[in-house]
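Trainee: below: sequence and its predicted model.
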Amino acid sequence: MEWFLPATIAVLLLSLAATGLIMAQLRRRAIFDHPNERSSHAAPTPRGGGIAVIAVLIAAWYVPSLPDPDPTLIAVVLGAVALAVLSWIDDLISLSPAGRFLAQAAIVAATLASFRGDGLVFQGLLPPALDIAAAGLAWLWFLNLFNFMDGIDGISAIEANGIGIGIALLAYLEPAAGLDPWLGASAAAAMLGFLWWNRPPARIFLGDVGSIPLGFLLGWLLLKAAAAGYWAPALILPLYYLADATVTLLRRAVRREKVWQAHREHFYQQAVQHGRSHGAVGVAVASANLALIALAVLALVHPWPALAAAIVVVAGLIQWMRR
């Protein structure tokens with residue numbers, strides 16, 4: 001543990017520096033996210049900061065495991081790289097939604113196939129084959145909802161910090177979960193370095209190349225915790241993102257709207273439309289995440305009361321956003 005804090009600070013600084021360098025390259029190559037009627041920003045902003053963040057995070061996860069890396073970790077890292085390449089192509093030329101989704105599903109399925117014996121995510125409620133299929137669908141949904149929710153300055157960096165810190169605490173307090181505290185802490189540190197550039201007013205965006213593989217990596221940590229029996233913390237930590245994205249997309253589906261199209265109907269977007277600043281919304285999400293982290297720790301001994309309290313916290317946040 002002597003190296004833990006210095007290494008975490010090093011990841012933060014490396015992400016900070018790498019994002020600044022990639023921002024200059026994106027500007028030079030005129031790779032911008034231009035405002036439109038569905039945007040929450042007013043000026044062309046470089047898109048693709050996720051290249052730096054994901055590169056730093058993958059190195060932070062993989063290098064400490066040498067010279068004998070865990071095969072499961074190798075599979076997850078390769079899956080994240082494949083998703084980053086796919087998403088960067090999508091950032092540049094806009095792939096078809098169906099083709100993009102099928103490619104994502106194939107990457108998730110291939111990654112799952114490499115560690116299907118690691119435990120049942122749904123704790124025996126489903127037959128093993130259905131458990132694997134449901135875990136794959138949940139993982140696929142999570143990486144996409146993380147992308148859907150990346151719509152205002154700083155929000156995904158804040159969410160990744162909440163999940164990363166929560167996973168690190170869970171791993172430290174409950175070694176039986178089979179998680180490495182370093183994985184959560186390094187994810188939080190990498191996104192904290194990115195947040196310096198992405199805080200309001202954002203000077204760079206993650207792009208799909210960042211949000212999709214980041215959702216994939218964080219989703220794996222959450223599924224791994226659930227498979228070890230810690231389903232309540234795994235559900236509580238990302239609960240705001242889960243609720244906002246799922247409720248919004250279900251409402252659009254009921255109205256027979258194209259759920260894959262960009263829109264401004266998420267609750268955090270409504271808050272901005274109602275006059276709240278990006279910074280105010282980010283602070284509210286960060287505050288709720290602090291409460292969710294505390295409740296995730298409580299869930300180690302009292303899962304159902306902690307989950308009920310987490311639902312109240314998220315409902316209160318969403319109500320504040322809708323006002």
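Mentor: On my side now, so go ahead. Given the structure is predicted, the values throughout are model-derived calculations rather than measurements. Numbering: from 1, shown residues only.
Trainee: tell me how far the spatially closest residue to Thr72 that is not a sequence neighbour lies from Ile132.
Mentor: Leaving out its chain neighbours, the residue that sits closest to Thr72 by C-beta to C-beta, 6 or more residues apart in numbering is Phe115, at 4.3 Å. Backbone N, C-alpha and C define where each C-beta goes, glycine included. Here the criterion is C-beta to C-beta, to the nearest Å. By it, Phe115 lies 10 Å from Ile132.
Trainee: low-confidence bits of the stretch 51-200 of the chain, can you list those?
Mentor: Within the stretch 51-200 of the chain, the segments meeting pLDDT under 70 span 116-118.
Trainee: how about the strands in it?
Mentor: Here the stretch 51-200 of the chain has no strands by DSSP state E, counting those that start in this stretch.
Trainee: just confirm Trp220 contacts Trp139, I think it does.
Mentor: Yes. Between Trp220 and Trp139 a contact is recorded at 7.2 Å, counting by C-beta atoms under 8 Å.
Trainee: can you pull out the helices in the stretch 201-323 of the chain?
Mentor: With DSSP state H, counting those that start in this stretch as the definition, the stretch 201-323 of the chain shows helices at residue ranges 208-227, 231-236, 239-254, 267-273, 278-298, 303-322.
Trainee: ok, back up a step: residue contacts, the residue nearest to Thr72?
Mentor: Taking C-beta atoms under 8 Å, 6 or more residues apart in numbering as the contact definition, Phe115 lies against Pro71, Thr72, Ala75.
Trainee: check contacts around the spatially most central residue of the chain.
Mentor: Centre of the chain computed as the mean C-alpha position; nearest residue by C-alpha atoms, centre = their mean is Gly215, 3.5 Å away. Neighbour list for Gly215: Phe142, Leu143, Asn144, Leu145, Phe146, Asn147 [criterion: C-beta under 8 Å, 6+ apart].
Trainee: one more time with 10 Å
Mentor: For Gly215, the set of contacting residues under the criterion of C-beta atoms under 10 Å, 6 or more residues apart in numbering consists of 80, 83, 139-150, 156, 159-160, 163, 238, 241.
Trainee: same deal with Ala288?
Mentor: Ala288 sits next to Ile158, Gly162, Leu239, Tyr240, Ala310, Val313, Val314, Gly316, Leu317, Ile318, Trp320 when contact means C-beta under 10 Å, 6+ apart.
Trainee: test my guess that the second one contacts Ala188.
Mentor: Spelled out, that is Gly162. Yes. Taking contacts as C-beta atoms under 10 Å, Gly162 lies within contact range of Ala188: 8.2 Å.
Trainee: gap between the residue nearest to the centre of the chain and Leu206?
Mentor: The value you get for Gly215 to Leu206, if C-beta to C-beta is used, is 10 Å.
Trainee: repeat for Val283
Mentor: Separation of Val283 from Leu206 (C-beta to C-beta) stands at 20 Å.
Trainee: so between those two, which is more surrounded?
Mentor: It is Leu206, of Val283 and Leu206, that has more neighbours when counted by other C-beta atoms under 10 Å, with 31 against 14.
Trainee: how about that one, nearest residue that isn't a chain neighbour?
Mentor: Counting by C-beta to C-beta, 6+ apart, Leu206 lies nearest to Gly50, which is 4.3 Å off, once chain neighbours are set aside.
Trainee: deepest of the helices of the stretch 201-323 of the chain, which one?
Mentor: Highest mean neighbour count among those (mean count of other C-beta atoms under 10 Å): helix 208-227, with a mean of 26.
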